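In: next comes the sequence, and after it the predicted model I'd like to discuss.
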Amino acid sequence: MLKKTKGNEKRNFMRSKVTMFVVCILIIGLIPVSVFADVVEITPEADAYVNISSPDTYYGSWAFTYVGTPVTTPDTKRGLQRFNLSAIPAGSIINSAAVYLFGRADGVLSRVDIGIFPNIGPWNEGTVIWNNKPGYGVMQSHTIVGTAGGDFYRTWDLTALTSAWYNGIWANNGVMYSGLPSTGGGSATFSSKEHPTVSERPKLIVDYTPPGGSSDEEEVEADTTRTKNICQRHQCTQKRKQKNSYC
């Protein structure tokens, strides 16, 4: 009878160890990849476009932004935007940032390459025209905009420039969009911040780690360590019950 009791205790102990091992593996596997980053969506505080064919006309209140050089006319149009980053807490780390514009290519060309550049001087939405537009710096990224599928959001990476704005390395005068020669010209139309459909308005989406926060890797490592400690404590408890001793 004593042998049988000891055998049952041993089997129960082994079953408990196996169960706890499986549970620990499942818990560790459920730790999220991103545990501390925040995301903010920012609508431009100012946007406009300028047109070389009407160099003294301002278009800051229009519901659309036109960019590029249409094949059918000699116009050159450039878009301008500026984003206020005050919604991001001071001392944060910028992990990624991207601009989203809703629209498509125009005219007979099925695609147009559009680059995004930092403005190197101030401008005002209500007064900016072709003749007083600011200069611009090095291109940050570019995107091929097509006609296929109709209007939808197109994306430009803006991580480096957003981080430079946020950290005061580069004055935040916003960005300029310009057509590039790689697709042989062409133009595109995008909804502006004045567009009546809110969901189609441009936006800058920024992923950041707030001050005092840990990086994703640090948080995952910490959570994994905590989970392992819980498992080890449970196993230690089981050993004490089995052997009537301390770990």
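Out: Here it is on my side, so go on.
In: and stretch 161-181, how far apart are its ends?
Out: 23 Å (CA to CA, to the nearest Å).
In: check stretch 133-153 too.
Out: Taking CA to CA, the first and last residues of stretch 133-153 lie 26 Å apart.
In: what comes up buried for it?
Out: 133, 136, 140, 141, 142, 143, 145, 146, 147 (16 or more other CB atoms under 10 Å). In this view, the C-beta of every residue, glycine as well, is placed from N, C-alpha and C.
In: quick one: residue 67 and residue 79 touch, right?
Out: Yes - between residue 67 and residue 79 there is a contact under CB atoms under 8 Å: 4.6 Å.
In: mutual contacts of these two, please.
Out: Shared contacts of residue 67 and residue 79, defined by CB atoms under 8 Å, 6 or more residues apart in numbering, comprise 49, 177, 190.
In: and the residues you listed as TSV, adding pLDDT and secondary structure?
Out: Converted to TSV, the shared contacts of residue 67 and residue 79 look like this (pLDDT from 0 to 100; DSSP: H, G, I helix; E, B strand; the rest coil):
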residue	pLDDT	secondary structure
49	97	strand
177	96	strand
190	94	strand
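In: so which of those residues comes closest to residue 127?
Out: The closest of the shared contacts of residue 67 and residue 79 to residue 127 turns out to be residue 49 (CB to CB; 13.6 Å).
In: got the CA coordinates for the longest strand along the chain in PDB?
Out: Using DSSP state E, we find that the single longest strand of the chain is strand 93-105. Only the C-alpha atoms of strand 93-105 are listed here, as PDB (Å, rounded to 0.1, in the frame of the first residue of the first chain):
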ATOM      1  CA  ILE A  93      11.700  58.600 -29.100                       C
ATOM      2  CA  ILE A  94      10.400  58.600 -32.700                       C
ATOM      3  CA  ASN A  95      10.200  55.000 -33.900                       C
ATOM      4  CA  SER A  96       8.600  55.600 -37.300                       C
ATOM      5  CA  ALA A  97       6.600  58.200 -39.200                       C
ATOM      6  CA  ALA A  98       4.800  58.100 -42.500                       C
ATOM      7  CA  VAL A  99       2.500  60.500 -44.500                       C
ATOM      8  CA  TYR A 100      -0.700  59.200 -46.000                       C
ATOM      9  CA  LEU A 101      -2.400  61.000 -48.900                       C
ATOM     10  CA  PHE A 102      -5.700  60.000 -50.400                       C
ATOM     11  CA  GLY A 103      -5.800  60.300 -54.200                       C
ATOM     12  CA  ARG A 104      -4.500  59.000 -57.500                       C
ATOM     13  CA  ALA A 105      -2.700  59.800 -60.700                       C
END
